[in-house]
Structures are given as C-alpha cells and as structure tokens.
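[1] The amino acid sequence is not available; the structure is as follows:
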C-alpha cells in the first residue's frame, strides 16, 4: 500500500485499512463499487496470507462493505428497439426458420424484459397464448413470475412457432 508506506504484511490492520478507505473516498473520490472492489481484493489476498501463516488473522473480514446504490437498469429507446428488430428481419439468413427464431428471441427480450438465463430455460408450455401470459419458472432469486404477453409479441412469436412446427411436427 503506497498510501501508508507499510513494509511488512503484519502491519496491515483494521484501522489502517479503514483509514485507507476514507483516504480513497476523500482524496481519490472512490465510489461504493470501487471501495467494495478494493475490500474484496484485499480480503482475498489476506485470506491467502492467513492460510499461508504470514499473518495471524485477516482483519479486513470485520470491515463492512458499503451498499451499492440501486439503479434502474439501462434500456433501449423505442427507436433503438425497432431498429434492432428491423435488423433481425432483414439479415440474410441461410434458412427461413433462423430469421423467425432470431426475431422471436429479440422480441421476447424487448416485450417481456426477461433475462438471458430465463430465455434459455423457457419452454413452449410456459407461453400461455389463451391467457396472454409468459410463465417464468425459477427466474432471478429462484422466483416464479408471470409476464403479460402482448398482441405485438404474439405477432412475432407465431411465425416462429409455425415454422418450428413445419420442421419438427412432434
């Protein structure tokens, strides 16, 4: 640590690290994320030092990490979403079903906001066209949820499902 000019690892203690964090926050304008990153990295290193018996105890474990501010995820504008769908529609695919599948995937992301992992786990039975609901099973935090299925999204899913049925009717 250049900040404190320590010469041996045994000199690292809780007050020294807390002072370093305060210094970083004031002098270097560290964000909560930066502080968390430094504390986690230092903790990993000091855990190794403790395992290798270079130090008796990792005192960084006792320092609470700052909470990260909850922010709204960034999203596409309506124009950007439309352009993305347009690109998927005009891309020169080798097979027709690839086009319908790509458009259906992008439309699902845009119109439902589902996560990548949720899309990978999505099954045809999870889409209820009669009640206009997409069932997400074991989503983030292992929670189930229902998402409304809009008429526009249905319009993007139907060509893919028809193409899929033609290729594999079983």
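    Arrived safely. Computed from a predicted structure; not experimentally measured.
[2] List the contacts of residue 67.
    With contact set as Cβ atoms under 8 Å, 6 or more residues apart in numbering, residue 67 has these partners: residue 32. Quick note: C-beta positions are derived from backbone N, CA and C, even for glycine.
[3] how close does it get to residue 94?
    49 Å (Cβ to Cβ, to the nearest Å).
[4] where exactly do the strands run in the protein?
    Counting by DSSP state E, the chain forms strands over residues 127-128, 133-136, 145-148, given from the N-terminal end onward.
[5] With mean neighbour count added, can I get these in JSON lines?
    As requested, these are exported to JSON lines (neighbours: other Cβ atoms under 10 Å):
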{"stretch": "strand 127-128", "mean neighbour count": "16"}
{"stretch": "strand 133-136", "mean neighbour count": "18"}
{"stretch": "strand 145-148", "mean neighbour count": "15"}
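[6] per-residue pLDDT, the most centrally placed residue in the chain?
    Taking Cα atoms, centre = their mean as the criterion, residue 115 is the residue nearest the geometric centre of the chain, at 8.0 Å. The predicted structure scores residue 115 at 90 on the pLDDT scale.
[7] ditto for the one 4 residues further on
    What the model reports for residue 119 is a pLDDT of 92.
[8] residues near the residue nearest to it when sequence neighbours are not counted, how many?
    Leaving aside its chain neighbours, residue 119 sits nearest to residue 108 (6.1 Å; criterion: Cβ to Cβ, 6 or more residues apart in numbering). The burial metric for residue 108, expressed as a neighbour count using other Cβ atoms under 10 Å, is 22.
[9] Repeat that for residue 164.
    When neighbours are counted by other Cβ under 10 Å, residue 164 registers 15.
[10] what's the answer for residue 17, then?
    When counting by other Cβ under 10 Å, one arrives at 21 neighbours for residue 17.
[11] which residues touch residue 96?
    Residues near residue 96 by Cβ under 8 Å, 6+ apart: residue 163.
[12] Surely the residue nearest to the centre of the chain touches residue 140?
    Yes. The pair residue 115 and residue 140 passes the contact test of Cβ atoms under 8 Å, sitting 6.3 Å apart.
[13] about what we covered before: next one: the residue nearest to residue 119 from residue 101, what distance?
    Looking at residue 108 against residue 101, where the rule is Cβ to Cβ, the gap reads 11 Å.
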